[in-house]
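Asker: the following comprises the amino acid sequence and a computationally predicted model.
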There are 2 protein chains.
Amino acid sequence: MAAKPDQPERISEAEQAVMEALWQRSPLTAQEVCETVCGERGWSLNTVKTLLSRLVAKQAVATEPDGKRFLYSPRIARSDYVGTESRRLVDRLFGGRAAPLFAHLAKSEALTPDDIAEIEALLKELKS
Amino acid sequence: MAAKPDQPERISEAEQAVMEALWQRSPLTAQEVCETVCGERGWSLNTVKTLLSRLVAKQAVATEPDGKRFLYSPRIARSDYVGTESRRLVDRLFGGRAAPLFAHLAKSEALTPDDIAEIEALLKELKS
DNA sequence: CGTAGTCGATTACGTGTGTAAACGATGGAG
DNA sequence: CTCCATCGTTTACACACGTAATCGACTACG
């Protein structure tokens, strides 16, 4: 009976910072996550713990007991996250078409010459 | 003394729907906005009025009295909105580089052949 | 004139988010 | 054994958001 698809809950911006730490290296303890992010974001360890709990609740990270504490690891791949977020934006702003997004980036000079070269290379590859 | 830059407040998803209506045609009354969006979103007129007020507070739309009621028009250009939102995403997910976004879209088959052709054309134009 | 409809403004209320303090268990230092 | 540091859990609280009902002013119809 197909146990409800359980569509992944949305990950907030602050939560994403925690995910990034885990995507970089995992499993990590709450401490270690904090060491990675508390500096840049000016958070307390408690804040990180809260975010980790919420991510566990959202099934975005898994826990594994390690003595008295937990080790946390991502349950969703970064590329999946990136994919759904990009898609969401393209849908919301460009009617689902990627070309207008590209056009916009190009026009607003958000593309460096490096970017352009890289994209050309990708295009060539796509056509092969 | 450069009256604080007054950095534009964030426009939420529901608010964007209202903006879209105004970007399509303006100025509009609250009624008219509702006629455009209440259907698809299942909103009541009151909801639209609330969103309009919030957008006015955020300085994203301007009001102009018209007898007993108001006419609303956008104060920010859609292309600006689209620009900052795209940039925000590219920053958040791709470290500010646009090429990886493109690569991701390409890999995840979010690019149709049409998209690709269009992008090629754009590239050609960029280089000229 | 009264009164019903219509406007914008005010208030409401549940949920998510950012940020954290308080709490209770527990394991290691002395 | 006792006490302190450290875990994860629970509770907190302000603000944003989605969604809307209610209110006070005004006007147009009867």
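Answerer: Nice, thanks for sending it over.

Asker: so which bits of chain A are right by chain B?
Answerer: Contacts of chain A with chain B, taken as CB under 8 Å from any CB of the partner chain, map to A:13, A:16, A:79, A:82-83, A:85-87, A:89-90, A:92-94, A:97-99, A:101-106, A:108, A:110-112, A:114-116, A:118-120, A:122-123, A:126-127. For every residue, glycine as well, the C-beta is placed using N, CA and C.

Asker: got a ChimeraX select line for the buried ones in those residues?
Answerer: Selecting the buried subset of the residues of chain A next to chain B in ChimeraX, with 16 or more other CB atoms under 10 Å in any protein chain shown as the burial test, is done by:
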select /A:16,82,83,85,86,87,89,90,93,94,97,98,99,101,102,103,104,105,106,110,111,115,116,118,119,120,122,123
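
Asker: now, which of the residues of chain A next to chain B lie close to DNA strand C?
Answerer: Taking CB under 7 Å from any atom of the strand as the test, DNA strand C is in contact with residue A:13 out of the residues of chain A next to chain B.

Asker: now, which of the residues of chain A next to chain B lie within helices?
Answerer: Members of those lying in helices (criterion: DSSP state H): A:13, A:16, A:79, A:82-83, A:85-87, A:89-90, A:92-94, A:98-99, A:101-106, A:114-116, A:118-120, A:122-123, A:126-127.

Asker: could you list the low-confidence segments of chain A?
Answerer: Applying pLDDT under 70 to chain A flags the ranges A:1-6, A:109-110.

Asker: 80 - rerun?
Answerer: Applying pLDDT under 80 to chain A flags residues A:1-8, A:107-111, A:126-128.

Asker: domain parsing for it?
Answerer: A:13-74, A:78-127 (automatic domain parsing).

Asker: let me have those domains in JSON lines, extended by distance to residue B:58.
Answerer: Shown next, in JSON lines, are those (distance: least, CB to CB, whole Å):
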{"stretch": "domain A:13-74", "distance to residue B:58": "19"}
{"stretch": "domain A:78-127", "distance to residue B:58": "18"}
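
Asker: to residue B:35, which of these lies closest?
Answerer: Closest approach to residue B:35 among the domains of chain A (CB to CB): domain A:78-127, 21.1 Å.

Asker: hmm, that closest one in reach of DNA strand D?
Answerer: No. Using CB under 7 Å from any atom of the strand, domain A:78-127 never reaches DNA strand D; the gap is at least 11.0 Å.

Asker: and the end-to-end length of that domain?
Answerer: Taking CA to CA, to the nearest Å, domain A:78-127 runs 27 Å from one end to the other.
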